[in-house]
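Visitor: Quick one, fold the following:
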Amino acid sequence: MRGRHEIMTRQPASSERRIDDIEVLRGLSVLMILVSHLRQSLIPWAVPWWDHVTKYYFDLWPAVDLFFAISGFVIARTLLPAVRAGLAAGQAPRALLAFWVRRAWRILPSAWLWLWLMLLQSAVFNRSGAVDTFHANFEATIAGMLSIANFRLAYMFHQFGYGMSTHYWTLSLEEQFYAVLPLAVLFCGRYLAVVLIVGLLALAATPQSDMLMCCRAQPLILGVLLAMAAETKAFALFEPVALARSRLARLAAFGLPLLCMTAVAAAAQRITTHPADVVAVLVLVLVFIACFDRNCIPPRGILRPLMLWAGTRSYALYLCHLSVFYGAREFWLRMAPAGTKFGPGWGPTLIATAVVVLVVVAELNFRIVERPLRRRGARIARGIWPGAAVHATASA
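Guide: Below is the predicted model:
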């Protein structure tokens, strides 16, 4: 059994160790996103019951916030010790540069690859026009490469066609956060937590808008604060030991926040005027439980390896899923007899095609692009700053 302080009191090098419960949560979040986007990109016919459920009862957009909270926690648990080590050695600029280099090699190659593949797809495999025009996709590609896709999405929301890469708004927000966070760590020093809390309060006080929803950094900030708390000795006192002994307690601690955050997210609900803030707190509860790595995040048994696979391949799954969904839809549109109209009877064919292709493509992207280039980035980062921690845990 792992020691009580194993996760919280580690040096920079040991922050490489993967936390399996975090990976399972990451797998859950990406699967929720895939299910949510099925309705928008793969299924071209009306599904009244699904639209009714997501409007009045449960919506899945908080999966993105869960992704953000995980990223904030995982990044901070590596970044904070590395910057402190750099400051102690008088090499803080090198430590920051090493972090940015490692992040760039981790994120940009796969992100840019799929941006250009989606642009090509919009030009040569878009007879239905389901993914908007080539011009819209070209603009989306440039916005994604410049890490301003979230600003473009907020500007065009419900007004103009964005293009296929709508999901890149989350990557842009994370990249902006990665650019700012190391500087905040360096210049705020021991007041970093205070600055982050002030930022949270400012976001909570800001009226809801499309721009705020596309720039909602609350889960990222809370993830960082959790990582900072996890470095303290007192944090071990809050370890949910009872969850490891009781299946019912585990299900309640996992299921209730998940149920509440999807209910709050339903568009027709009037539970709160600031659903994003409530969702951010609820996803933090899940990340808090997972960070102790006590096997408290369901499922267990045969499904757990599948969730771990989805978690470690979550970045590839997220990047390519819309391309695969629209591609499967376009493929069967072309293969079907002339005049055929898609309806519910096509559902199993479309979903089975998309799932098979998505699994294969995600695995190839992970093995051929992500993993080799992530390792290369880590080597370059160590050359810049030998004390740099290698960020071995995949981050969305």
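Visitor: Ramachandran coordinates for residue 89?
Guide: phi -90, psi 0 (degrees, to the nearest 10).
Visitor: Look up how far residue 95 lies from it.
Guide: Applying CB to CB, to the nearest Å, the value for residue 89 to residue 95 is 8 Å. (Glycine included, C-beta is placed from N, CA and C.)
Visitor: Tell me which of those two has more neighbours.
Guide: residue 95 (28 against 13; other CB atoms under 10 Å).
Visitor: Next up, identify which helix or strand the more buried one is on.
Guide: In this assignment (DSSP states H and E), residue 95 forms part of helix 92-124.
Visitor: which helices and strands does that helix pack with?
Guide: helix 62-88, helix 134-145, helix 168-188, helix 314-335, helix 371-384 (3 or more CB pairs under 8 Å, 6 or more residues apart in numbering; DSSP states H and E).
Visitor: Helix 92-124 and the first one, what's the angle between them?
Guide: Between the axes of helix 62-88 and helix 92-124, defined by axes from the mean of the first three to the mean of the last three CA atoms, to 10 degrees, the angle is 150 degrees.
Visitor: How about helix 62-88, which residues are buried there?
Guide: By 16 or more other CB atoms under 10 Å, the buried positions in helix 62-88 come out as 62-86.
Visitor: Measure how far that helix is from the centre of its chain, please.
Guide: Centroid separation for helix 62-88 versus its chain: 13 Å, with CA atoms, centre = their mean, to the nearest Å.
Visitor: now do the last one
Guide: Averaged C-alpha coordinates place helix 371-384 at 22 Å from its chain's average position (CA atoms, centre = their mean).
Visitor: Going forward, count from 131.
Guide: Taking 131 as the first residue, the last one we looked at is helix 501-514.
Visitor: going on from the helix or strand bottoming out on mean pLDDT in the chain, what's the next piece of helix or strand?
Guide: In the chain, the helix or strand scored least confidently by mean pLDDT, DSSP states H and E is helix 371-375, which has a mean of 87. Later in the chain than helix 371-375, the nearest helix or strand by DSSP H and E is helix 377-395.
Visitor: which secondary structure elements does that next one contact?
Guide: helix 192-218, helix 371-375, helix 405-421.
Visitor: Mind putting those into a markdown table with distance to residue 499?
Guide: What follows is the helices and strands packed on helix 377-395, written out as a markdown table (distance: least, CB to CB, whole Å):
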| stretch | distance to residue 499 |
| --- | --- |
| helix 192-218 | 19 |
| helix 371-375 | 37 |
| helix 405-421 | 27 |
